[in-house]
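S.K.: the sequence and its predicted three-dimensional model are supplied below.
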Amino acid sequence: MPHRNFSPSVTLLVLLVNSIIPSVSAAQSSQGKAFRAPQAKFSKAVAADVSPSLQSLALTPRVFSRAITSNSMLEIRRERGPIPKDKGFSGDAAVQAPSPDLTALATAKPNLSPLLTFEGLSNEDNFNIFGFRVSPPDPVGAVGRNHYVEMVNLTFAVYDKQGNRLLGPVDTGTLWQNFAIPDCTDPSGDPIVLYDKFEDRWLLSQFTTSGLNPDGTYNGKPFYNCVAISQTGDPTGAYYRYAFITSTPGSVTFFPDYPKYGVWSNSYLLTSRDFGPTVEYGISVYALEKRRMVRGDPNARAVHFFLDSAVVPLEQIGDGLLPADIDGDNIEDNVPAPIVGTQDDGAGYGATFDALNVYELSVRWRNNPIASLKLSAQLPVASFDSVFPCGVVPGSLPPSARDCLPEPGVTDGSRFLDVLSYRQRPTWRLAYRQFDDYEALVTNQSVEAAPGVAGVRWYEIRRRNGRFSIFQQGTYAPGDGVHRWMGSAAMDRKGNIALAYSVVNGTDVYPGIRYTGRLRRDPRGQMTLGEATIVNGTGVQLSTGSRWGDYTSLNVDPKDDCTFWYVNEYYQVDGIIGVNTAPWQTRIASFQLPGCSK
């Protein structure tokens with residue numbers, strides 16, 4: 001099978017689309033190019049068992065073979081694919097302009113402040129367990145009825161909802177001790193944790209990297225998605241463990257980069273960004289058979305669609321697709337699961353307009369299962385610029401195209417943070433919620449909101465009577481010179497939207513964490529509640545490479561369906577110049593938007 005050469009030498013297009021009004025619903029558009037549906041491939045888990053309790057596994061000493069000095073840092077999952085060069089700011093048609101009316105609106109509403117914040121995992125945990133540190137952290141979490149579970153590269157922990165740590169930190173491979181696929185026991189990273197409120201179960205995952213040599217070449221070993229489902233609602237108990245291979249026998253071996261999961265009615269959804277050993281590239285979309293997995297059936301099945309970049313236009317798949325993840329109490333069987341991607345006409349992948357690409361995945365898990373994947377809509381959005389002015393900074397050793405966002409107090413001008421906006425994909429999560437007469441999806445991406453200033457573009461997509469539309473969208477960048485990026489968005493049961501993100505600038509805002517929000521009936525496209533701080537940073541990242549976490553996680557408490565829980569990284573102390581220490585920390589917070597609990 002031929003594959004498109006995924007190389008940096010792509011032509012950049014800069015086409016400004018100003019005809020879309022951001023606060024007006026955009027109608028469903030026809031597809032820009034025909035979509036050739038890939039073949040559905042069904043398989044079974046290649047290994048499955050039942051673990052001892054996580055509490056007992058965490059007590060078992062682990063021996064790690066990697067010989068890395070204490071002053072070294074392991075880069076988790078070296079980012080692949082081209083990093084386009086900036087051609088100048090092309091504008092943002094949905095940026096939220098400073099407004100006295102919005103200031104008055106935010107002032108008139110109750111104080112937007114966290115209910116609870118507490119320290120999460122840190123890079124020192126990696127050092128204490130492994131003897132080395134890692135970058136980036138990729139902080140992610142989920143909230144259940146009684147617990148909060150956090151995962152990072154390369155550890156995880158369990159907390160009660162008062163912030164007390166009940167278990168951990170333990171390395172991510174601990175959960176797969178003595179599993180039939182030894183690769184799953186390797187702490188490889190890119191974790192995702194979900195809570196399935198309909199089954200009262202936890203899903204913990206990571207990919208495997210044993211098929212990669214240290215230089216990034218392939219050694220012939222297969223890759224797996226390792227998935228663990230808790231037996232009960234207690235995340236410290238026993239788990240049903242599964243491994244799903246990512247390539248069929250005789251086919252090209254693909255590394256399943258950037259796996260993202262979602263809870264759906266009859267399936268656990270999974271997408272990954274797949275790289276072959278040379279120039280092969282595509283996006284995988286999976287559904288995992290939930291009914292069998294939650295009861296520990298070793299015959300649990302998966303269905304796999306591979307969107308080959310040699311067949312599917314690259315702009316339609318970009319750098320990743322995001323699967324829906326259900327919030328709220330409503331769920332219906334046999335409703336197609338939305339899968340969303342993003343495209344920028346200035347990113348060089350061939351897009352002629354800025355849009356969201358919306359796929360629908362349908363699966364029937366019967367004796368002879370059937371499944372389909374289709375591109376349901378290409379939704380034009382208000383124009384945005386995802387290609388940030390990053391590049392080689394004088395004095396940076398080694399120079400990096402990820403040098404994007406300046407930090408305060410770094411006098412040699414050589415240490416910046418990666419904005420990652422140039423990756424053509426929405427940022428975790430695609431939060432799904434079902435109301436009486438429509439379904440809502442909320443997600444976000446980082447953009448260049450003003451010349452040299454990062455902001456967060458957020459979207460509310462609606463599906464009504466099977467048709468998708470953009471209900472509202474906006475770019476949050478209040479005009480104060482602070483960079484806001486790496487966000488996560490979600491919606492509470494009243495239809496209010498929260499947006500949380502990283503912040504930094506080059507003078508007095510150290511890498512920290514903030515959030516904002518809007519109420520359901522507020523003016524469309526506007527975050528009206530002002531901005532609250534989860535934690536102010538007091539240190540800077542000085543490690544080479546500029547890597548920042550590739551995702552964060554905003555979730556809604558299943559008990560009240562109002563309280564948001566968020567995890568992100570920040571810096572309390574400086575790194576050491578010339579030494580790759582990267583002393584990142586994480587902070588977990590909960591908060592509500594006004595009026596939801598009434």
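M.R.: Received, thanks.
S.K.: low-confidence regions, the stretch 351-500 of the chain specifically.
M.R.: Regions of the stretch 351-500 of the chain meeting the criterion pLDDT under 70 cover residues 392-399, 411-414.
S.K.: and the helices in it?
M.R.: Using DSSP state H, counting those that start in this stretch, no helices are assigned anywhere in the stretch 351-500 of the chain.
S.K.: please apply the same query to the chain.
M.R.: 54-58, 100-108, 123-130, 290-293, 314-317 (DSSP state H).
S.K.: so what's the most centrally placed residue in the chain closest to, chain neighbours aside?
M.R.: Of all residues in the chain, the one closest to the mean position by CA atoms, centre = their mean is Trp428, 3.0 Å from it. The spatially closest residue to Trp428, leaving aside those adjacent along the chain, is Tyr551, at 4.0 Å (CB to CB, 6 or more residues apart in numbering). Yep, even glycine has a C-beta here, placed from its N, CA and C like the rest.
S.K.: what's the local residue count around the one you found?
M.R.: Here the number of neighbours of Tyr551 (other CB atoms under 10 Å) works out to 22.
S.K.: surely it meets Pro136?
M.R.: No: applying CB atoms under 8 Å, one finds Tyr551 not in contact with Pro136, separated by 9.4 Å.
S.K.: residue contacts, Ala37?
M.R.: For Ala37, the set of contacting residues under the criterion of CB atoms under 8 Å, 6 or more residues apart in numbering consists of Phe305, Ser372, Leu373, Lys374.
S.K.: ok, the last one touching Asn357?
M.R.: Read it as Lys374. No: here Lys374 does not reach Asn357: they are 11.3 Å apart, not a contact under CB under 8 Å.
S.K.: quick check, the residue nearest to the centre of the chain in contact with Ser553.
M.R.: Yes: taking contact to mean CB under 8 Å, the distance of 6.3 Å between Trp428 and Ser553 places them in contact.
S.K.: anything in contact with each of those two?
M.R.: Taking CB under 8 Å, 6+ apart as the criterion, Trp428 and Ser553 both touch Val140, Ser488.
S.K.: just name the shakiest helix or strand of this protein by mean pLDDT.
M.R.: When the helices and strands of the chain are scored by mean pLDDT, DSSP states H and E, helix 100-108 comes last with a mean of 69.
S.K.: and Ile181, what are its phi and psi?
M.R.: Backbone torsions of Ile181, given as degrees, to the nearest 10, read phi -100, psi 100.
S.K.: and Gly81, by the same measure?
M.R.: phi 90, psi 160.
S.K.: again, but for the one 3 residues further on
M.R.: Comment: the main-chain dihedrals of Pro84 come out as phi -70, psi 150, following degrees, to the nearest 10.
S.K.: distance of it relative to Asp418?
M.R.: 14 Å (CB to CB, to the nearest Å).
S.K.: any low-confidence regions in the stretch 1-150 of the chain?
M.R.: Looking along the stretch 1-150 of the chain with the criterion set at pLDDT under 70, you get 1-33, 65-72, 77, 100, 102-103, 105-106, 110.
S.K.: thinking again about what came up before, Lys374 and Asn357: which has the busier surroundings?
M.R.: Legend: neighbour count by other CB under 10 Å for Lys374 and Asn357, higher for Asn357 (26 against 14).
S.K.: among the contacts of Ala37, the buried ones, what's the PyMOL command?
M.R.: Selection command for PyMOL covering only the buried members of those, criterion 16 or more other CB atoms under 10 Å:
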select buried, resi 305+373
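S.K.: let me have the contacts of Ala37 in CSV, extended by distance to Ala104.
M.R.: Formatted as CSV, the entries for these read as follows, by distance: CB to CB, whole Å:
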residue, distance to Ala104
Phe305, 49
Ser372, 50
Leu373, 47
Lys374, 46
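S.K.: so which of the contacts of Ala37 sit within strands?
M.R.: In strands, judged by DSSP state E, the following of those are found: Phe305, Ser372, Leu373, Lys374.
S.K.: residues in contact with the closest residue to the last one other than its chain neighbours?
M.R.: Yep, that's Lys374 we're talking about. Counting by CB to CB, 6+ apart, the nearest residue to Lys374 once its immediate chain neighbours are dropped is Glu360, at 5.6 Å. Residues touching Glu360, when contacts are defined by CB under 8 Å, 6+ apart, comprise Pro336, Ala337, Pro338, Ile339, Leu373, Lys374, Ser376.
S.K.: what's the answer for Phe156, then?
M.R.: Neighbour list for Phe156: Leu121, Val149, Glu150, Gly168, Pro169, Val170, Thr172, Pro191, Val193, Leu204 [criterion: CB under 8 Å, 6+ apart].
S.K.: got a list of what the fourth one touches?
M.R.: This points to Gly168. Gly168 makes contact with Ala58, Leu121, Thr155, Phe156, Ala157, Val158, according to CB under 8 Å, 6+ apart.
S.K.: okay, now the third one: neighbour count?
M.R.: Pointing back at Thr155 there. Taking other CB under 10 Å as the criterion, the count of residues near Thr155 is 27.
S.K.: pLDDT score for the closest residue in space to it that isn't next to it in sequence?
M.R.: The shortest distance from Thr155 to any residue other than its chain neighbours is 4.2 Å, reached at Pro169 (CB to CB, 6+ apart). pLDDT recorded at Pro169 is 97.
S.K.: contacting residues for Pro169?
M.R.: Listed by CB under 8 Å, 6+ apart, the contact partners of Pro169 are Leu121, Asp125, Asn128, Ile129, Thr155, Phe156, Ala157.
S.K.: and Arg463, how far is that from Tyr438?
M.R.: Here the criterion is CB to CB. By it, Arg463 lies 7 Å from Tyr438.
S.K.: what do these two both touch?
M.R.: When contacts are counted by CB under 8 Å, 6+ apart, Arg463 and Tyr438 are jointly contacted by no residue.
S.K.: spatially nearest residue to Ala324, not counting backbone neighbours?
M.R.: Beyond its immediate neighbours in the sequence, the residue positioned closest to Ala324 (CB to CB, 6+ apart) is Tyr432, lying 4.0 Å away.
S.K.: can you give me the strands in the stretch 1-150 of the chain?
M.R.: Secondary structure of the stretch 1-150 of the chain (DSSP state E, counting those that start in this stretch): strands at 41-44, 47-50, 73-75, 116-122, 133-135, 140-143, 147-151.
S.K.: looking at those, which is closest to Tyr268?
M.R.: Each of the strands of the stretch 1-150 of the chain was scored for nearness to Tyr268 using CB to CB, and the closest is strand 140-143 (13.0 Å).
S.K.: Asn314 is in contact with Gly350, isn't it?
M.R.: One thing to correct before we go on: residue 314 is Leu, not Asn. Yes: with the criterion set as CB under 8 Å, Leu314 and Gly350 qualify as a contacting pair; they are 5.8 Å apart.
S.K.: Leu269: what's it in contact with?
M.R.: Listed by CB under 8 Å, 6+ apart, the contact partners of Leu269 are 261-263, 285-288, 323-325, 337, 339, 361.
S.K.: so for the residue nearest to Trp428, what's the pLDDT?
M.R.: So Tyr551 comes in at 98 (pLDDT).
S.K.: same thing with the one 5 residues further on?
M.R.: We have a pLDDT of 98 for Val556.
S.K.: dig out what it forms beta bridges with.
M.R.: With beta bridges defined as DSSP bridges, Val556 has these partners: Phe564.
S.K.: I appreciate the help and will end here.
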